[in-house]
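In: output the structure for:
(4 chains)
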Protein chains: 4
Amino acid sequence: MSNSIDDLLRQLREFRDERDWAQFHNSKYLALALSIEAAELNELFLWKKPEEANPERVQEELADVLLYAFQLADKYGWDILQLMQNKIEQNAEKYPADKARGSAQKYDELL
Amino acid sequence: MSNSIDDLLRQLREFRDERDWAQFHNSKYLALALSIEAAELNELFLWKKPEEANPERVQEELADVLLYAFQLADKYGWDILQLMQNKIEQNAEKYPADKARGSAQKYDELL
Amino acid sequence: MSNSIDDLLRQLREFRDERDWAQFHNSKYLALALSIEAAELNELFLWKKPEEANPERVQEELADVLLYAFQLADKYGWDILQLMQNKIEQNAEKYPADKARGSAQKYDELL
Amino acid sequence: MSNSIDDLLRQLREFRDERDWAQFHNSKYLALALSIEAAELNELFLWKKPEEANPERVQEELADVLLYAFQLADKYGWDILQLMQNKIEQNAEKYPADKARGSAQKYDELL
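Out: Model prediction:
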């Protein structure tokens, strides 16, 4: 059982090393693997309404995305919660609440 | 400062609600947004060697992927560490260490 | 002006060689570039209804996808219309009209 | 046999209508389907060198990308060769041969 992000990262490194997969896991290939899993996640929604996607399958593909994302952060030695925290603050500047309210525009198209 | 996944999810909900963005954030659209961020992450490696990508930009795009992944899990009410843990166990069955060692084959192509 | 696929491929090779880009254009990198352009295409529809996407921008991103797709086929020396023709015939077998009518299911889920 | 782009588009419309799939084929969903096929194409290169990808499978996935790209252009009523031609000219301005020679930089990073 993993009670923390650190536990989980430890398991992922062990999983990788038992299979001698570190040779494949450079940052570029991890990013590519992540985007392929992201597409498999999207395929579950293709031609469908959001609620028609199979939740069990969504959970599996989302997990694959997260596993590669965590491994990529780990590859660079980054703290996962910290990097997310930093981006939330950056996004708050790009999308001020009063300008972005109810708008689907990109930050460079906000009035 | 977010000291935990729960803190971070709380911030993300607040960020979304201050901007009245819940109307856009159905599961299908979150998955699509995630895959677009995944592509932006990959673009940083395009035509390049892994070590030539700008780490600061990689961190930002990876953060965007993670933020959408967390929001999608939150949309379904899933526990993020638990769903990753489940998938690690599932992958361990699909890729037995002795068969998968040093191989880049997909599980259905392992000898 | 390109009046044919062959004219267009000739221009693309010339464009590439004037910039000394053949060194980057292996099949793997062309496929990656293609998928990044596909994501940029999708971004134009993100959070929006189909008709809300800017047609001019859609045309540009779709063109980028097609340009990389043509270059990838050209890299392998394939005839573009022929490979599309082959796939239409393959799809016709996977999706028999009477079974697939009105259904968004994947071929392996058709009743 | 399709001797031309027009023949091919005619077949694609017929294929779609025999299956009553026009209801699914709005521009947004076609773009999404295209990007999923693009990811399947990339998966064939994942963890591998370019020459290790199975050419037969590459051809199939590339064909799927092209089929959706053609259908999306057809949805908007665009001339496929013309839109590609326009983009080549646009790219020639963004990437002047003398500045872009031997460089993998994006146009906004060219010196």
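In: nearest residue to A:E61 in space, please, no chain neighbours.
Out: In space, A:E61 comes closest to A:L41 once its chain neighbours are excluded; the distance is 3.9 Å by CB to CB, 6 or more residues apart in numbering or on different chains. Where you see a C-beta, it was placed from the backbone N, CA and C, and this is true even at glycine.
In: same check, this time on A:I88
Out: Distances taken as CB to CB, 6+ apart place B:Q11 nearest to A:I88, at 5.8 Å, with adjacent residues excluded.
In: past the helix or strand hosting that neighbour, which element shows up next along the chain?
Out: Secondary structure from DSSP states H and E places B:Q11 in helix B:5-18. As assigned by DSSP H and E, the chain's next helix or strand after helix B:5-18 is helix B:27-43.
In: who are the contact partners of the closest residue to chain D within chain A?
Out: Closest residue of chain A to chain D, CB to the nearest CB: A:A39 (3.1 Å). If a contact means CB atoms under 8 Å, 6 or more residues apart in numbering or on different chains, then A:A39 has B:35, D:35-36, D:38-40 as its contacts.
In: same deal with A:R57?
Out: Here A:R57 is in contact with A:L44 (CB under 8 Å, 6+ apart).
In: quick one: it from chain C, how far?
Out: Look at A:R57 and chain C: by CB to the nearest CB, to the nearest Å, they are 11 Å apart.
In: the longest helix along chain A to helix B:55-76, inter-axis angle?
Out: Using DSSP state H to define each element, chain A has its longest helix at helix A:55-76. Orientation of helix A:55-76 against helix B:55-76 (axes from the mean of the first three to the mean of the last three CA atoms, to 10 degrees) gives an angle of 160 degrees.
In: now helix A:55-76 against helix B:27-43, angle please.
Out: Helix A:55-76 and helix B:27-43 are oriented at 30 degrees to each other (the same axes, to 10 degrees).
In: spatially nearest residue to A:A53, not counting backbone neighbours?
Out: Once flanking residues are discounted, A:A53 sits nearest to A:L44: 4.5 Å by CB to CB, 6+ apart.
In: for chain A, what helix or strand is lowest in average pLDDT?
Out: helix A:97-100 (a mean of 91; mean pLDDT, DSSP states H and E).
In: who are the packing partners of that one?
Out: If you count contacts as 3 or more CB pairs under 8 Å, 6 or more residues apart in numbering or on different chains; DSSP states H and E, helix A:97-100 packs onto no helix or strand.
In: contacting residues around that helix?
Out: Here helix A:97-100 makes contact (CB under 8 Å, 6+ apart) with A:107, A:110-111, B:18-19, B:21.
In: mark which of those residues are buried, thanks.
Out: Burial by neighbour count, 16 or more other CB atoms under 10 Å in any protein chain shown: within these this picks out B:19, B:21.
In: quick check, nearest of the contacts of helix A:97-100 to chain C?
Out: The closest of the contacts of helix A:97-100, once distances to chain C are taken by CB to the nearest CB, is B:W21, at 8.6 Å.
In: spatially nearest residue to A:K87 (excluding sequence neighbours)?
Out: In space, A:K87 is closest to B:A63, 3.5 Å off (CB to CB, 6+ apart).
In: how about a markdown table for the contacts of A:A39, with pLDDT added?
Out: Output for these, formatted as a markdown table (pLDDT from 0 to 100):
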| residue | pLDDT |
| --- | --- |
| B:S35 | 98 |
| D:S35 | 98 |
| D:I36 | 98 |
| D:A38 | 98 |
| D:A39 | 98 |
| D:E40 | 98 |
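In: out of the residues you listed, who's the most crowded?
Out: D:A38 (34 neighbours; other CB atoms under 10 Å in any protein chain shown).
In: confidence score at the closest residue to A:Q59 other than its chain neighbours?
Out: Spatial nearest neighbour of A:Q59, excluding adjacent residues (CB to CB, 6+ apart): B:L83 at 5.4 Å. At B:L83, the pLDDT value in this model is 97.
In: identify the residues contacting B:L83.
Out: Applying CB under 8 Å, 6+ apart to B:L83 gives the contacts A:59, A:62-63, A:66, B:73.
In: nearest to A:D7, of the contacts of A:A39?
Out: B:S35 (28.0 Å; CB to CB).
In: I'd like to know how far that closest one sits from B:R13.
Out: Distance of B:S35 to B:R13, computed by CB to CB, to the nearest Å: 22 Å.
In: then A:E109?
Out: With distances taken as CB to CB, A:E109 is found 25 Å from B:R13.
In: more neighbours: those two, which one.
Out: More crowded of A:E109 and B:R13, by other CB under 10 Å: B:R13, with 14 against 8.
In: surely that one touches B:L67?
Out: No - using CB atoms under 8 Å, B:R13 is not in contact with B:L67, being 11.9 Å away.
In: so how far is the longest helix of chain A off the chain centroid?
Out: Offset of helix A:55-76 from its chain centre (CA atoms, centre = their mean, to the nearest Å): 6 Å.
In: quick one, it and helix A:5-18 angle?
Out: If you take the same axes, to 10 degrees, helix A:55-76 sits at 80 degrees to helix A:5-18.
In: list the buried residues in helix A:55-76.
Out: Buried, per 16+ other CB under 10 Å, within helix A:55-76: A:58-75.
In: give me the pLDDT for A:S2.
Out: pLDDT, A:S2: 52.
In: could you do the one 4 residues further on as well?
Out: As summarised for this prediction, A:D6 has a pLDDT of 96.
In: ok, it to chain C distance?
Out: Distance from A:D6 to chain C, by CB to the nearest CB: 32 Å.
In: considering the contacts of helix A:97-100, which member attains the minimum pLDDT?
Out: Taken together, these show their lowest pLDDT at A:L111, with 66.
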